[in-house]
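Novice: This is a predicted model, with the sequence first.
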Amino acid sequence: MRRTLLFAGSLAALVFTAHHAHADQTLTFDGNVPTDGPDHFFIPFTVPDGTQEIEVLHDDQSADNILDFGLNDPNGYRGWGGGTSEDAIVGVNAASRAYVPGPMPAGTWNVVVGKAKIIASPATYHVVVTLRTTPTLAPQTDRKPYIASAPLETDKKYYACDFHVHDRESTDATPSLEDNVKYAESVGLDAMEASDHNTITQMDYMVDLQAKHPHLLIIPGIEWTTYHGHGNAIGATQWVDHKVGQPNVTVTGAVDAIHAQGALFAINHPALDIGTLCIGCAWSYVTDMGFGTLPANAVDAFEIESGGYRQAGFLFTHPALQLWDQLLDTGAHITAIGGSDDHSGGNDSGQFQSAIGNPTTYVMADNLSVAAIMDGIKNGRTVVKMQDIHDPMIEFSSEVAPVGDTVSARSTIFQAKITGGNQDGVTVHFVHNGQELSDDVPVTSDPFTISVNAAAPQTGEDRWRVELLVDEHPRTVTSHIFLKYDPNGPDPAASKNLVAGGGCEISQKQADSSLMWLIAFGSAGLLAARRRRRA
């Protein structure tokens, strides 16, 4: 069903530069932005048979307001330019960045307008649509349909990934996809997700680029960007409507559409609330630490670090970890990931900007393929190095092997093996159901191993993770292993002194002391300024 919005305000007269259907036409629209209704509205126009190319010029006519622009054909999405001031061109064989070339069906098209930031009132717009019978853009023969590659490596191991990277198909970013791939290779990553804003046009360039770079896995994805939160559709190859508030467009519906194509849904920079400096960056669909109409168990992953810890994480990390724990308290299983949110191909130089690989997420996967990396996330087998690939590594395991992310047993012994952490100021602790277990234990050798003997709770399940700190700040954080009681299950810790109700005894290998008990995990709450939505 064609979705249009009837709104107060005038549409300027249509100015025709020709008098028959097969001549070029220019259509001009001026009007006031609706002050009520959903976050998006539509400017309809008619495209006659024989049209080969459409150009859209748009202007929000304000230094204070920001309007986003996109384009729909009679069948729906044809591109999303967001807050860029660039003109958009869509044709049969070519299109501007973030827009989709292809057949030009006759009928009603729509310029899509998003009310990203309205400060000055009345807000106005100026749009000029040119319909051409002869294309001006040369055919783009380098675009090809996305096809997943075969595994680049076949070993089961931890692979270093960045799940939040933008290229020029996000119109607020500058590098090409190949620029990003080359930089990711240079810093030692194994995989990188191209997560552009509300578009899938970056995937047109992945097949040839993947063949040229056989050691760096390019993961398809979308940053599902709204004015009240940003999500990450990891592995998505089909466009997902972001215009929440339009008929039949909801957060739950978007997540369902992501899952229906076999992709995963993550929350990006959930606690980054800095107002119009980063529009919609904080996940404000959260109400009372729930997800409103979106069940917490619909979320597959959670960005506990967005950008490297050194750049801004010291302000962002603790609120994100706290929110993650509160969502897990509902019984959801949500995997930890991190992403750089790089928009400059590794050339970010601002105080709060992070290059690709800052942070780095390690995923235990059966091989280096999109499917295997996604399975690793589903199973909760991730470790987030909060700064970059050079941070210490934690290998977190259970003596009773988990199925997915869950151990079913009467008890188990959890073990954390730390490598690269033998330096002053490095400590480690277990986190049990969101609470730190014991004082921080200094890492005194390389490798260094610490273990905990854990009894399964009689009801429900417990969750365990490991955190490594440098100078008392989080530097490496694992996802959780969940432990639930099976009366017929293994009981490897039976000979240990276990506190009733799921308590534990901590033992250290290559260390001198035994430590136990709980301390509260504190949080900090300021957030740093990041880039604006547009230059």
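Specialist: On my side now, so go ahead.
Novice: Can you pull out the low-pLDDT segments for the stretch 301-450 of the chain?
Specialist: Applying pLDDT under 70 to the stretch 301-450 of the chain flags the ranges 314, 348-352.
Novice: again, 90 this time
Specialist: In the predicted model of the stretch 301-450 of the chain, residues 308, 310-317, 347-353, 437-439 satisfy pLDDT under 90.
Novice: And the chain, split by domain according to the record?
Specialist: Each domain of the chain is listed here as a residue range: 25-132, 157-391, 392-522, per automatic domain parsing.
Novice: for the ones you listed, which one sits closest to Ser149?
Specialist: domain 157-391 (5.0 Å; CB to CB). All C-beta spots, glycine's among them, are computed from the backbone N, C-alpha and C.
Novice: Now do the end-to-end distance for that closest one.
Specialist: In domain 157-391, first residue to last residue: 18 Å (CA to CA, to the nearest Å).
Novice: And stretch 389-399, by the same measure?
Specialist: Stretch 389-399 end-to-end distance (CA to CA) = 27 Å.
Novice: low-confidence ranges in this structure?
Specialist: In the predicted model, the chain carries pLDDT under 90 at residues 1-23, 269-297, 308, 310-317, 347-353, 437-439, 493-535.
Novice: that older thread, okay if I get the domains of the chain as a markdown table plus distance to Pro139 and mean neighbour count?
Specialist: Shown next, in a markdown table, are those (distance: least, CB to CB, whole Å; neighbours: other CB atoms under 10 Å):
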| stretch | distance to Pro139 | mean neighbour count |
| --- | --- | --- |
| domain 25-132 | 4 | 19 |
| domain 157-391 | 13 | 21 |
| domain 392-522 | 46 | 18 |
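Novice: Among these, which comes closest to Ala150?
Specialist: Using CB to CB, the nearest of these to Ala150 is domain 157-391, at 7.1 Å.
Novice: any chance of the domains of the chain in JSON lines, with distance to Thr141 too?
Specialist: Output for the domains of the chain, formatted as JSON lines (distance: least, CB to CB, whole Å):
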{"stretch": "domain 25-132", "distance to Thr141": "8"}
{"stretch": "domain 157-391", "distance to Thr141": "11"}
{"stretch": "domain 392-522", "distance to Thr141": "43"}
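Novice: Of all those domains, which one is nearest Asp142?
Specialist: Judging the domains of the chain by CB to CB, what sits closest to Asp142 is domain 157-391, at 6.6 Å.
Novice: roughly how far is that closest one from the heart of the chain?
Specialist: 2 Å (CA atoms, centre = their mean, to the nearest Å).
Novice: hey, where'd the strands end up in the stretch 351-500 of the chain?
Specialist: Residue ranges of the strands in the stretch 351-500 of the chain, as given by DSSP state E, counting those that start in this stretch, are 360-365, 382-385, 393-398, 406-409, 411-419, 426-432, 435-442, 448-455, 461-470, 473-478, 481-485.
Novice: Out of the ones you listed, the one nearest Asp24 is which?
Specialist: Between the strands of the stretch 351-500 of the chain, strand 360-365 lies closest to Asp24; by CB to CB that is 49.8 Å.
Novice: Within its sheet, name the partner strands of the closest one and how each one runs.
Specialist: When pairing is defined by DSSP bridges, strand 360-365 lines up against strand 157-165 (antiparallel), strand 382-385 (antiparallel).
Novice: what angle do the helix or strand just after the first one and strand 157-165 make?
Specialist: Elements were assigned by DSSP states H and E; along the chain past strand 157-165, the next helix or strand is helix 177-186. Note on geometry: by axes from the mean of the first three to the mean of the last three CA atoms, to 10 degrees, helix 177-186 and strand 157-165 are set 140 degrees apart in direction.
Novice: Now do helix 177-186: which elements does it pack against?
Specialist: strand 157-165, strand 191-197, helix 206-212 (3 or more CB pairs under 8 Å, 6 or more residues apart in numbering; DSSP states H and E).
Novice: What are the boundaries of the helices in this protein?
Specialist: Applying DSSP state H to the chain gives helices spanning 177-186, 206-212, 251-260, 314-328, 370-378.
Novice: residue contacts, Pro490?
Specialist: Residues near Pro490 by CB atoms under 8 Å, 6 or more residues apart in numbering: Glu399, Val400, Ala409, Arg410, Ser411, Thr412.
Novice: What distance do you get for the fifth one to Val400?
Specialist: This means Ser411. 8 Å (CB to CB, to the nearest Å).
Novice: Can you check which residues contact both of these two?
Specialist: What both Ser411 and Val400 touch, as defined by CB under 8 Å, 6+ apart, is the set Pro490, Pro492.
Novice: Check the contacts of Pro490 and tell me the two furthest apart.
Specialist: Glu399 and Arg410, at 12.1 Å, using CB to CB across these.
Novice: which residues touch Asp446?
Specialist: Counted by CB under 8 Å, 6+ apart, Asp446 has contacts Ile418, Thr419, Gly420, Gly421, Asn422.
Novice: ugh, wrong one, Ala194
Specialist: 165-167, 169, 177, 180, 202-203, 206, 218-221.
Novice: Can I get these in JSON lines including distance to Asp60?
Specialist: Converted to JSON lines, those look like this (distance: CB to CB, whole Å):
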{"residue": "Val165", "distance to Asp60": "28"}
{"residue": "His166", "distance to Asp60": "22"}
{"residue": "Asp167", "distance to Asp60": "25"}
{"residue": "Glu169", "distance to Asp60": "22"}
{"residue": "Leu177", "distance to Asp60": "28"}
{"residue": "Asn180", "distance to Asp60": "29"}
{"residue": "Gln202", "distance to Asp60": "25"}
{"residue": "Met203", "distance to Asp60": "29"}
{"residue": "Met206", "distance to Asp60": "32"}
{"residue": "Ile218", "distance to Asp60": "34"}
{"residue": "Ile219", "distance to Asp60": "34"}
{"residue": "Pro220", "distance to Asp60": "31"}
{"residue": "Gly221", "distance to Asp60": "29"}
